[in-house]
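Asks: Next one to model:
(chains A, B and C)
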Amino acid sequence: MSPLALALALLVATPVAVAPAPPPLTSSDAPEVIAIGRELRCPVCQGMPIGESPSETAQAMMKRVRELHAEGKSPDEIRAYFVARYGEWVLLQPTSEGFGLVVWVLPPVALALGLLLLARVVKKSRAAKVAAPSAPAAGGPAGPAAAAEDDYLQRVRETIERGEA
Amino acid sequence: MNSVLGQSLIVLALVAAAFGATAGWVTGNRPSPRALLMLRGATYVFGSALIFANVIMVLALVGHDFSVKYVSQVGSRSTPLYITIVSLWSALEGSILFWGLILGVFAIIFARSLKDKFATHAPYALATVLSVGLFFAFLLAGPSDPFAAVSPVPPDGPGPNPLLQNHLLMIVHPPMLYFGYVGMILPFAVAVAALMRGELSDGWLKVLRRTTLIAWGFLTVGIIMGAWWAYEVLGWGGYWAWDPVENASFLPWLAATAYLHSTIVHERRRMLKAWTLSLVIGAFLLTILGTFMTRSGVFNSVHSFTQSMIGPLFLVFLTVLIIFSIMLLVGRAHLLVAENRIEAIISRETAFLLNNVVLTIFTFTVLLGTVFPLLAEAVRGVKLSVGEPYFNRMAVPLGMLLVVLMGVGPLLPWGKPNLRIVWRAFVAPLALGVLVTIGLAAAGMRDWRPLVTFGACGFAAGTSLREMLLPFVLRWGEDVGALLAVASAQRRRLGAHLVHLGIVVVVAGVCGSSFKHTADLSLAPNETATLAGYSIRLQGVSERNEAHRQVVVATLVIDRDGKHVADATPSLNYYRTQREPVGSPSVQTSGLNDLYFSLMSFEPDGSRVAIKAFVVPLVSWLWWSLPVFVLGTLVALWPRRRIAGVRLGAARTEGVVLS
Amino acid sequence: MNWRNAFFASLLVVPLIWLLAQGFGRDPRAVPSVLENRPAPSFKLVDVKGTPLSLDELRGRPIVMNFWSTWCEPCKEEHALLQQAAKFYEGRVQFLGVVYQDSDEAVRSYLGRHSSTYPQLLDPEARVAIDYGVSGVPESFFIDPQGTLRVKHVGVLSFDVLRTHLDAMLKSGSKS
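Replies: So this is what the prediction gives:
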């Protein structure tokens, strides 16, 4: 073994050799349990998930979730278990059946509509004949000057971009 | 004595607001110096009355005058002094009084700083501020009177909610948030005045922008501090639960951010005028909606104050405001005509429009999720919950879109781009993004989600750094005076990009902290457990007595790789007036990680403790963003100083302004 | 001013305000039970004296199951009423108490001072509380002689409410 490899092996090996093996005092939940713990609502708290609430009810429910998970129940079955007892209210995100579907569908639809609207606005604006910037009610003397400044700045910018490394 | 004094001051504020608002609305179209004088005077009286009323309340709290209703609700002889003062905003009636204080202060500053050149618009603006003030004064005089006399006078009170006694952030977070919230009244008043008068000059536009930026800055700080407070106090290692009241503060922030972007298009290209004003008005309406959500008892929330008459009153007020705003906007829309057009699809204008679309959808989604339970029950009679999982799912793609836009937008030119040249600008930022991604992947990160997120953050940071440094780089070699002149001319852009960097830091922190490690530990003294490479040993359990509570502390020693990292002291506080103890988690930052411990329970003889342990990566970045945001906002707001002698240089520098 | 457009745009406000007003008078935390008119979840628990008791043993008579705690003031006020009702309906209705999220010593100490004529069951892991969808105390469940859960009552009981539900169950029970 080369000296370097030996040194590396020692580096890795040393903590194990020096520290006495501690007893398993740490319990970590399985990822599915943690995930369910985030999705079920603590009935006695103000909208908190059971995985994050210190209340006894939440802890008892988490314990039940762990038991059900250990029995081999799937996340869907565990969720259904609690829904059967508390109603859909206990789920922190509505299911995609029933009225709950609205809250999942509306935002993407709104985004699509927004983008369509945007496309229309851009198209209309590009095609528009611009009125002379003389409306005193809504404009100011800086209007045409700003536009001229914009062109100048644009050209300056292009010059700089070209000159830049 | 205090009761009568306080109530009289409120009535004075009410009368002043009524008088001033009437005067302002009536003379708005025919401004005269005398009317303006009366208006300013009314505003000063209104503001001063509210300020003094708050002073009286603080004196009553400190003096333990339990004959005053609010003091009897939250005061206590055993509470430390600074908490007593701070309990001014800890419960419903006190917080409305506090709102009045901030409104009064802002109204006075606003009235004073309105220059004479704005005499045409000042009456309507002040009338608007005073009208809103009138509503709050009315609440304080009647339905929500914190000064009501209590008889018989109780000898002591219950003290403020213990959760609010645990942390210093309790002192700073609510005022910051209130400054931001209440501050939105000013841009609203400015917008209303512009619409009522039918004109929006450059000068007035600047007032609009600056008042919004100030309110926005406070709101940003207030929201992040609220998250920080939740993180330090609540014990679950999290900081944002999409609680209805948290959403209430986030909604106006989103609208105001959209405004800060669309106003640039407005100023540069004289387009999107009606939309820009709508955003300002929308931001203000959302603050009133948010206040309604907090106080009406209609929403289930950790923050909610109790149910009372105030809810219906707020709803009426909100209705009046919405109808007024709609009529104003629709009625005056024909005056706000675009003076330019969009030249190309790939342009800065389009990027800003995209930004607005995303922010608007974000606002809509958060609003939808918050009111959806109400909707479901009203329409279908079914009780549904919409909580963290939903909002997180929705926020992530929208947030990512915004990060990408932050990277792309500033690199696009106004008007018509020369794509070959534009492309050059992308090289450095893209390189940084790719470098970050490769670097993280090389360090062992395999999950594509943080890789993509951090890569996008790198890209956006690259753009902002480039935009900040470029003007200086170009003038490198010249003297400090010239560089300062550049900075001064560029301060809006500099500030904006600093803020963008702040957002990047926040997004990185949010992403990192979503990968936190959790474990439940059960330790006897001198036993050690491990989590995420850290070893945690219980040194012992101790107890101490304070005037208003008893504290049980577990001392933990944390090592990593054999080296001592920190000592943690999570505790449980037993307050005399509460059944359940309130936990005080122990939070420390070690490098990129936070070590977070909550004491869950303990054996009375100290033989064993149950600890919930978290190792949270990058969460401290969220709090580090605060100075970045503050700096960015201050830089953007900094008033221009006339530096004589550099005028010539400044003129030349102006020509190099790149945005 | 374009009044007509403005007027119609204002109408958009109405549904939003109506929606927000819906919340008034409703308790955002009151959750209706999904278990009503379904078979009552069975259980086997031990009472404070150590005697086991299961739901199946009690079939044949109406049952009132009351979840309570010593730290819940309204529950303690309700206790006297329930003891009286138990005596009134003695032999006809089975009353049960189930302790919710409490410590054994507190319960024993309380019952030592305020005795109970009907069984008080301990639910240490909140298993039965979860099965019955309990989200606070006091909550009471009315189960008919056939074992169907008829009514979930949230909050403190009154004698009128007890009488209404119990008389209905007794009447229909005597017919079958």
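Asks: In terms of helices and strands, where is the residue lying closest to residue A:125 once chain neighbours are set aside?
Replies: Counting by C-beta to C-beta, 6 or more residues apart in numbering or on different chains, residue A:125 lies nearest to residue B:342, which is 4.0 Å off, once chain neighbours are set aside. In short, each C-beta sits where N, CA and C put it, glycine included. Using DSSP states H and E, residue B:342 maps to neither a helix nor a strand.
Asks: now swap in residue B:601 and tell me
Replies: Residue-wise, residue B:601 maps onto strand B:593-602 under DSSP H and E.
Asks: Next one: that strand, is it in contact with chain C?
Replies: No. Using C-beta under 8 Å from any C-beta of the partner chain, strand B:593-602 stays clear of chain C, coming no nearer than 12.0 Å.
Asks: Would you confirm that residue B:53 belongs to a helix?
Replies: Yes. Under DSSP: H, G, I helix; E, B strand; the rest coil, residue B:53 falls within a helix.
Asks: in stretch B:479-491, what's buried?
Replies: B:482, B:483, B:485, B:486, B:487, B:488, B:489, B:490, B:491 (16 or more other C-beta atoms under 10 Å in any protein chain shown).
Asks: actually stretch C:48-65, sorry about that
Replies: Per 16+ other C-beta under 10 Å, stretch C:48-65 contains these buried residues: C:48, C:55, C:58, C:61, C:62, C:63, C:64, C:65.
Asks: which one of those is nearest chain B?
Replies: residue C:48 (21.4 Å; C-beta to the nearest C-beta).
Asks: backbone phi and psi for the closest one, please?
Replies: phi -60, psi -30 (degrees, to the nearest 10).
Asks: Go ahead and confirm it touches residue C:124.
Replies: No. Using C-beta atoms under 8 Å, residue C:48 is not in contact with residue C:124, being 11.8 Å away.
Asks: Look up which helix or strand residue 123 falls in, please.
Replies: The chain I'm using is chain A. Using DSSP H and E, residue A:123 maps to helix A:101-127.
Asks: wrong one, chain B
Replies: Short version, using DSSP H and E: residue B:123 is in helix B:122-141.
Asks: other SSEs contacting that helix?
Replies: Contact partners of helix B:122-141 among helices and strands, from 3 or more C-beta pairs under 8 Å, 6 or more residues apart in numbering or on different chains; DSSP states H and E: helix B:2-27, helix B:33-62, helix B:92-113, helix B:185-197, helix B:310-332.
Asks: Which residues in the very next helix or strand once past it does the neighbour count mark as buried?
Replies: Using DSSP H and E, the helix or strand that follows helix B:122-141 in sequence is helix B:169-183. Using 16+ other C-beta under 10 Å as the test for burial, helix B:169-183 gives B:169-170, B:172-183.
Asks: Same question for stretch B:43-61.
Replies: Going by 16+ other C-beta under 10 Å, stretch B:43-61 has these buried residues: B:43-54, B:56-57, B:60-61.
Asks: Show me how far that stretch is from its chain's centre.
Replies: Chain-centre distance of stretch B:43-61: 25 Å, with C-alpha atoms, centre = their mean, to the nearest Å.
Asks: In terms of pLDDT, where does residue 49 sit?
Replies: Picked chain A for this. On pLDDT, residue A:49 comes in at 92.
Asks: please go with chain C instead
Replies: Looking at residue C:49, the pLDDT reads 88.
Asks: that's a helix at residue B:382, yeah?
Replies: No. Counting by three-state DSSP, residue B:382 is not part of a helix but coil.
Asks: Going by residue numbers, what spans are helices in chain A?
Replies: For chain A, helices defined by DSSP state H occupy the ranges A:3-18, A:31-39, A:56-70, A:75-86, A:101-127, A:142-163.
Asks: Kindly report the same for chain C.
Replies: In chain C, the helices defined using DSSP H lie at C:3-11, C:13-21, C:73-88, C:104-113, C:127-131, C:159-175.
Asks: winner for burial among the helices and strands packed on helix B:122-141?
Replies: helix B:185-197 (a mean of 26; mean count of other C-beta atoms under 10 Å in any protein chain shown).
Asks: starting at the chain centroid, how far to it?
Replies: Centroid separation for helix B:185-197 versus its chain: 22 Å, with C-alpha atoms, centre = their mean.
Asks: ok and the helix or strand just after that helix relative to helix B:92-113, angle-wise?
Replies: Using DSSP H and E, the helix or strand that follows helix B:185-197 in sequence is helix B:202-234. Here the directions of helix B:202-234 and helix B:92-113 differ by 150 degrees (axes from the mean of the first three to the mean of the last three C-alpha atoms, to 10 degrees).
Asks: And helix B:202-234, what does it pack against?
Replies: helix B:169-183, helix B:185-197, helix B:244-269, helix B:273-295, helix B:619-637.
Asks: Tell me the gap between the longest one and the middle of its chain.
Replies: When distances are taken as C-alpha atoms, centre = their mean, helix B:244-269 is centred 12 Å away from the chain's centroid.
Asks: Tell me which residues of that helix come out buried.
Replies: B:244-269.
Asks: just to revisit the earlier point, switch the helices and strands packed on helix B:122-141 over to a markdown table; also include mean pLDDT and distance to residue B:427.
Replies: As requested, the helices and strands packed on helix B:122-141 are exported to a markdown table (pLDDT from 0 to 100; distance: least, C-beta to C-beta, whole Å):
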| stretch | mean pLDDT | distance to residue B:427 |
| --- | --- | --- |
| helix B:2-27 | 93 | 55 |
| helix B:33-62 | 93 | 53 |
| helix B:92-113 | 89 | 45 |
| helix B:185-197 | 95 | 38 |
| helix B:310-332 | 89 | 43 |
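Asks: Out of those helices, flag the one nearest chain C.
Replies: With C-beta to the nearest C-beta, the closest approach to chain C among these belongs to helix B:310-332: 3.7 Å.
Asks: Mind giving me the packing neighbours of the closest one?
Replies: helix B:122-141, helix B:185-197, helix B:273-295, helix C:3-11, helix C:13-21.
Asks: Pull the contacting residues for the spatially most central residue of chain C.
Replies: In chain C, the centroid-proximal residue (C-alpha atoms, centre = their mean) is residue C:140; its distance is 2.1 Å. Going by C-beta atoms under 8 Å, 6 or more residues apart in numbering or on different chains, residue C:140 touches C:64, C:65, C:66, C:67, C:152, C:153, C:157.
Asks: Same list (the residues you listed) but as TSV, adding distance to residue B:282 and pLDDT.
Replies: As requested, the contacts of residue C:140 are arranged in TSV below (distance: C-beta to C-beta, whole Å; pLDDT from 0 to 100):
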residue	distance to residue B:282	pLDDT
C:64	53	93
C:65	51	94
C:66	50	94
C:67	46	94
C:152	43	91
C:153	44	90
C:157	48	90
